[in-house]
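K.L.:
Build me a model:
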Amino acid sequence: MFKQIKVRHISEEVFDQIKSAILEGRLRPGDKLPTEKELIGQLRVSRLPIREALKLLANMGLIETRQGGGSYVRSLLADRMKDPLGLIMKDHKGKIFELLEVRKEIESWSAFYAAERATVEEIASLRSLVEETRPYCDQGKKPPGRLDADFHLAIAQYSHNTIQSHLTYTIYDVFSEYVYYLIENICFNEDYQEAIYQQHFEIYDAIKRKDPDAAKDFVLKHLEFVGEQVKKQVEQIS
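P.N.:
Just a heads-up that it's a prediction; the model follows:
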């Protein structure tokens, strides 16, 4: 009639709380987990169950622990997709244009929902990412590729759609070699960088104004521009 009552270990409770935060989108791909000290303070438990929970989360592929750098949420899709898709890109460089098509589909809708759902704090963070590239434009320098990637990943996170966020993160993770090569080498010149800055600002501004259709259209316009520039560069080196 009755089931045996099971006494749960504290580490299992810690594990469940962090796992739920990841699956519900409160912790997103690329997010850094609180430090052990912070988790101890928030959860009111000792260090040992925290470490046991983090080890289990890492074994399940939900987080990765970096030497001296803390623990980060991993994409739930990357491991299954990385090897086969990486081989496709390696053997067929022209697939970069198909990748851009996929980005248009996913990232335009991320911007649409971000315009509806992003918080005041998230919009301010997006503005900071845009403005961080301004000094590079003014000095005619090449900005780090991470700034462009961080801008697009942030929009996906601010869509508050867990699956969409993981899909976008997976694209940048799986194709990081090609994305960063594109950002830092093929497409860099001063005019291009200025255009990218203006396009990013338009996307940010549409999200700030809570205009989903404009945000979606500006992302499409931005990625179409990127595709045109890549095509020109590919034709020149062919």
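
K.L.:
The host helix or strand of residue 217: which residues count as buried?
P.N.:
Using DSSP states H and E, residue 217 sits within helix 212-237. Neighbour-count burial for helix 212-237 flags 212, 214-219, 222-223, 226-227, 229-230, 233 (criterion: 16 or more other CB atoms under 10 Å). Any C-beta I mention is one placed from the backbone N, CA and C, and that applies to glycine too.

K.L.:
orientation of the helix or strand containing residue 206 relative to helix 212-237 in degrees?
P.N.:
Applying DSSP H and E as the criterion places residue 206 in helix 190-208. For helix 190-208 against helix 212-237, the angle by axes from the mean of the first three to the mean of the last three CA atoms, to 10 degrees is 160 degrees.

K.L.:
Same list, the buried residues of helix 212-237, but as TSV with distance to residue 15 and pLDDT please.
P.N.:
Output for those, formatted as TSV (distance: CB to CB, whole Å; pLDDT from 0 to 100):
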residue	distance to residue 15	pLDDT
212	37	97
214	42	98
215	37	97
216	38	97
217	43	97
218	41	97
219	37	97
222	40	94
223	39	92
226	41	86
227	43	86
229	46	81
230	43	77
233	47	69
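
K.L.:
can I see the domain layout of this structure?
P.N.:
Domain segmentation of the chain under automatic domain parsing yields 10-73, 78-237.

K.L.:
which of those sits most buried?
P.N.:
Among these, domain 78-237 has the highest mean neighbour count (mean count of other CB atoms under 10 Å), at a mean of 17.

K.L.:
Just after the helix or strand containing residue 50, pick out the following helix or strand.
P.N.:
Per DSSP H and E, residue 50 falls inside helix 47-59. As assigned by DSSP H and E, the chain's next helix or strand after helix 47-59 is strand 63-66.

K.L.:
And the residue nearest the centre of the chain, what's its pLDDT?
P.N.:
Nearest residue to the geometric centre of the chain (CA atoms, centre = their mean): residue 153, 3.1 Å. Here the pLDDT value assigned to residue 153 is 91.

K.L.:
Helices along the chain, start to end?
P.N.:
10-23, 36-43, 47-59, 78-91, 96-117, 120-131, 134-139, 145-158, 162-174, 176-181, 190-208, 212-237 (DSSP state H).

K.L.:
just the angle between the last one and helix 96-117, please?
P.N.:
With the same axes, to 10 degrees applied, the angle from helix 212-237 to helix 96-117 works out at 160 degrees.

K.L.:
Could you tell me the angle between helix 212-237 and helix 145-158?
P.N.:
Using the same axes, to 10 degrees: helix 212-237 against helix 145-158 is 150 degrees.

K.L.:
starting at the chain centroid, how far to helix 212-237?
P.N.:
Per CA atoms, centre = their mean, to the nearest Å, the displacement of helix 212-237 from the mean C-alpha position of its chain is 19 Å.

K.L.:
Of all the helices and strands in the chain, which has the lowest average confidence?
P.N.:
The weakest-scoring helix or strand in the chain, judged by mean pLDDT, DSSP states H and E, is helix 78-91 (a mean of 54).

K.L.:
Poorly predicted segments of the chain, please.
P.N.:
Within the chain, the segments meeting pLDDT under 70 span 1-8, 76-94, 175-188, 233-238.

K.L.:
try 90
P.N.:
Where the chain drops to pLDDT under 90, the residues are 1-32, 35-36, 40-103, 133, 135-150, 162-194, 226-238.

K.L.:
Can I get the helices of the chain in CSV including distance to residue 71?
P.N.:
Formatted as CSV, the helices of the chain follow (distance: least, CB to CB, whole Å):
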stretch, distance to residue 71
helix 10-23, 9
helix 36-43, 9
helix 47-59, 6
helix 78-91, 16
helix 96-117, 25
helix 120-131, 21
helix 134-139, 31
helix 145-158, 18
helix 162-174, 16
helix 176-181, 20
helix 190-208, 29
helix 212-237, 31
